[in-house]
Each structure stands twice: as C-alpha cells, then as structure tokens.
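> Just need the structure, nothing else, for what follows:
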Amino acid sequence: MTNISNIAQQLKAAASKLLGEIKTIDDELDALNQQRDVITSGHVSKEDFLNYLSLHFKIKAATFQSRLLREMEPKVKYDFGSLERGYVTNSSFLGIYFLTGGFAPVPITEEAIYFYFGDILLEKIGEALDDKFDGEAMPVHECRKAIQDIEKTERELLQRRSELVKTIDEAGITR
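Coordinates of the predicted model:
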C-alpha cells in the first residue's frame, strides 16, 4: 500500500505543480491586461493628437474629393467653348457647388471643410491646445510597440496554458 500511497502523493504533487503553473500564467495574463489598460487609457501628446486629427481630416476630405470628382466628371465640360461662354456671359457656367460636392445648393459639408481647410483647422486647433497637454504622454509609436509586445507575450502564455490544461486533462486530473 505504501507504494500506491507514494504514487498517489507524486500524482497529487504533479497536479499541484501543473495547477500552480496555470495560476502563475493566469496572474501574468492579468498583469499584462493591467499594463494594456494603463497604455490604452493614457493620454497622448499634443503632436500625436494632432496627427490623429490630421488623419481623420484626410479620411473625411478624401470622401469629399471622391464625391466631388464623381459629380464633376460626367457633367462639367472642360472645353474652351463651354468655359468661355460662361466667362463671356459672366454667369455660373460649371453648374457645381464646390462646397457641397454636388449639384444641389445644400449647406457646406464637414468633408468639404476638411478638404479645403484641413491644414488651417489643424493649425488653429493646435494653437488652441497649446496649454492643454502635459509632457508626460507616452509616444504613440511606443504605445503601439508595447501593445504588440503584450499581445505576443499573451499568445505565448495562452499557448503554454493550453498545453498545461491539455496535459492535466489527458492525465485525468480534475481541477
């Protein structure tokens, strides 16, 4: 019976060790999640904020530009005769509303403002934000790298955890 007791004790110790490793991995995953939360909830610098804002403006402006060009292409005549007639008669000869991206007189679109004045908006917003940002922000490129590192480590830990759980399950050990 002593031999069976020894084997049972060894199995119990092995199971305890495997469960301890899983707990350690779970604790590491929790720590990584906390690190990610700190990074993702952290402030950005004024420069990085304006870069995000610039990208937003460019996306919106591209939408407007695409719509404007699509509206202009089949309808606007670029030939000398058509343009000269409008010039000579001093009339609106293109028939397009360049601030709305279409042929209907509607309010100026947000996208049009970004298309025509995005750089001016960024400059004015940047001036308005001069004293609103502190110098303690982690640069965006460092945030991205840190998040990539966290995700890589998480994948490795989850793979290791999965292997441990499989070992426990194959051994018939209940958790």
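> Figure out how far the helix or strand hosting Asp149 is from the centre of its chain.
Secondary structure from DSSP states H and E places Asp149 in helix 140-170. Here helix 140-170 is found 21 Å from its chain centre; the criterion is CA atoms, centre = their mean, to the nearest Å.
> If you count neighbours, what's buried in that helix?
Going by neighbour count (16 or more other CB atoms under 10 Å), the buried part of helix 140-170 is 143, 146, 150, 157, 161, 164, 168. Yep, even glycine has a C-beta here, placed from its N, CA and C like the rest.
> Excluding sequence neighbours, find me the nearest residue to the fifth one.
Taking CB to CB, 6 or more residues apart in numbering, and ignoring the residues beside it in sequence, Arg161 has Ile25 as its nearest neighbour in space, at 4.6 Å.
> ok, that neighbour touching Ser162?
No - using CB atoms under 8 Å, Ile25 is not in contact with Ser162, being 9.8 Å away.
> Buried residues in the lengthiest helix in the chain, which are they?
Looking across the chain with DSSP state H, the single longest helix is helix 2-40. Under the neighbour-count criterion of 16+ other CB under 10 Å, helix 2-40 has 15, 18, 21-22, 25, 28-29, 32, 36 buried.
> Can I get these in a markdown table including pLDDT?
Compiled in a markdown table, the buried residues of helix 2-40 are given as follows (pLDDT from 0 to 100):
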| residue | pLDDT |
| --- | --- |
| Ala15 | 81 |
| Leu18 | 88 |
| Glu21 | 93 |
| Ile22 | 93 |
| Ile25 | 96 |
| Glu28 | 97 |
| Leu29 | 97 |
| Leu32 | 97 |
| Arg36 | 97 |
